[in-house]
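Q: need a structure here:
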Amino acid sequence: MKTMKILTYLVFMMTFVSCSNQETKKLEGSWTIDSIEINGQDIISQFTSNIITFKKDNACILPQPRENNNTEGKWKINKKNKLYYIEILSEGNKLNGKYKIDFKNDTNEQLLKMYLLSNDKKIVCTKLFHKFKN
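A: Numbers count the residues shown, from 1 in each chain. Okay, here's the model as predicted:
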């Protein structure tokens with residue numbers, strides 16, 4: 001009986017780690033930011049670039065806001081109620097915050113899209129150098 005509980009726990013943990021690893025692998029790399037909205041207002045023009053990069057060591061390079069030079073940050077993925085969230089930590093950067101992550105395959109363009117949603121922000125990105133086949 002005790003062995004069965006341990007096996008069940010191990011299978012559960014392997015499934016969780018596997019899903020988390022899949023989401024992390026999708027996230028890692030560079031993304032073109034298609035749009036950034038805060039409270040429904042498009043603010044992409046407030047940045048000097050539209051690229052965001054998530055590195056394997058949980059560091060990230062964010063687009064530079066026009067009002068300061070902070071492009072460095074950290075990120076981490078959390079799972080809550082079968083949903084994945086990313087927290088971007090970057091002092092002074094408007095992208096700082098916690099977002100629900102939603103990945104979608106754009107079948108027309110054969111590209112991977114990422115939607116980052118919070119209470120007041122919506123960021124839509126396209127993965128660079130990533131095509132998929134149906």
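
Q: after the helix or strand encompassing N105, which helix or strand is next?
A: Using DSSP states H and E, N105 falls within strand 97-106. Note on strand 97-106: by DSSP H and E, the next helix or strand toward the C-terminus is strand 111-117.

Q: just list what that following strand packs against, helices and strands only.
A: helix 2-27, strand 97-106, strand 121-131 (3 or more CB pairs under 8 Å, 6 or more residues apart in numbering; DSSP states H and E). From N, CA and C alone the C-beta is placed, and that goes for glycine too.

Q: mind listing what's buried in the strand holding N105?
A: 97, 99, 101 (16 or more other CB atoms under 10 Å).

Q: now those as JSON lines including distance to G29 and pLDDT?
A: Below are those laid out as JSON lines (distance: CB to CB, whole Å; pLDDT from 0 to 100):
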{"residue": "G97", "distance to G29": "21", "pLDDT": "96"}
{"residue": "Y99", "distance to G29": "17", "pLDDT": "98"}
{"residue": "I101", "distance to G29": "14", "pLDDT": "96"}
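
Q: and the residues you listed as TSV, adding distance to K26?
A: As requested, these are arranged in TSV below (distance: CB to CB, whole Å):
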residue	distance to K26
G97	20
Y99	14
I101	9
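
Q: beta partners of the closest residue to D102 other than its chain neighbours?
A: Using CB to CB, 6 or more residues apart in numbering and skipping the chain neighbours, the partner closest in space to D102 is Y115 (4.3 Å). Bridge pairing for Y115 (DSSP bridges) gives the partners D102, V124.

Q: how much space between Y115 and K79?
A: Using CB to CB, to the nearest Å, we find Y115 at a distance of 17 Å from K79.

Q: with R66 instead?
A: Counting by CB to CB - R66 and K79 are separated by 34 Å.

Q: quick one: stretch 44-54 to chain centroid distance?
A: Distance of stretch 44-54 from its chain centroid, counting by CA atoms, centre = their mean, to the nearest Å, is 14 Å.
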